[in-house]
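# 3D, please:
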Amino acid sequence: WEAVRLIQRLGLKPRRTIRVVGWTNEENGIRGGIAYRDARGADVAKHVLALESDGGVFAPRGFSFGGSPEGLAIVKEIAKLLAPIGADSVRGDGGEADIGPLMETGVPGVGLEVDPTRYFWYHHTQGDTLDKLDPAELARCVAAMAVMAYVAADLPERIPRGQPAAGGR
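Reported below is the predicted structural model:
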């Protein structure tokens, strides 16, 4: 949400729509991601990129990407914009769980990669509250997500799709 709010606050208007989805039920079979994909139906073909942040909002390091080699090259170019905040690395081995159902259809997927060292200190506990967040790290995560989402949505051409995975729709 904050990434989209930042894009709006800056008055940026990309060529394509940026949609924010609050996923649910990852741990019980990725039902939220599946339901979203199924509810979108034929519109899934219009999705340019699925972007997920599921590792917390610790210091951003870059992204993992799942999709075509051509798409990986484009995402690496976008990520170069994030070198000043240290979030410019791109691994070509992934995406994230909740966007997996979209990726199965060939939609390129990107997952925000963050410093993982503190993730399980509070994850899924009563201590998992906003007061544990470092505002500077949160701001850098928001910036990384905003840059990736905006640039991908504003490219003259779509990011090339990958091949649908076995079992994909």
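# give the helix, strand or coil label for Arg61.
strand (DSSP: H, G, I helix; E, B strand; the rest coil).
# who touches the residue lying closest to it once chain neighbours are set aside in this structure?
Using Cβ to Cβ, 6 or more residues apart in numbering and skipping the chain neighbours, the partner closest in space to Arg61 is Glu113 (4.7 Å). Using the backbone N, CA and C atoms, a C-beta is placed for each residue, glycine as well. The neighbours of Glu113, taking Cβ atoms under 8 Å, 6 or more residues apart in numbering as the test, are Gly55, Pro60, Arg61, Gly62, Phe63, Ser64, Ser89, Arg91.
# pick out whichever of those residues sits closest to Tyr119.
The closest of the contacts of Glu113 to Tyr119 turns out to be Gly55 (Cβ to Cβ; 6.1 Å).
# tell me the backbone dihedrals of Arg158, please.
Main-chain dihedrals, Arg158, degrees, to the nearest 10: phi -70, psi 150.
# the bottom helix or strand of the chain by mean pLDDT?
helix 119-122 (a mean of 85; mean pLDDT, DSSP states H and E).
# chain center to it: distance?
Relative to the centre of its chain, helix 119-122 is centred 21 Å away, using Cα atoms, centre = their mean, to the nearest Å.
# so where does Ala149 fall, helix or strand?
Assigned by DSSP states H and E, Ala149 belongs to helix 135-154.
# neighbours of Asp88, how many?
Using other Cβ atoms under 10 Å, the number of residues around Asp88 comes to 18.
# from what I see, it and Ala79 are in contact.
Yes: with contacts counted by Cβ atoms under 8 Å, Asp88 reaches Ala79, the gap being 4.7 Å.
# state the distance from the most far-flung residue of the chain relative to its centre to Gly92.
Distance from the C-alpha centroid of the chain, by Cα atoms, centre = their mean, peaks at Gln126 (25.9 Å). According to Cβ to Cβ, to the nearest Å, Gln126 stands 37 Å off from Gly92.
# now swap in Gly56 and tell me
Gly56 is 22 Å from Gly92, by Cβ to Cβ.
# now swap in Val4 and tell me
Val4 is 26 Å from Gly92, by Cβ to Cβ.
# equivalent analysis for Pro108, please.
11 Å.
# overlap in contacts of the two?
What both Pro108 and Gly92 touch, as defined by Cβ under 8 Å, 6+ apart, is the set Phe65, Gly66.
# and these two? Which one has more around it.
Between Pro108 and Gly92, Pro108 has the larger neighbour count (other Cβ under 10 Å), namely 28 against 15.
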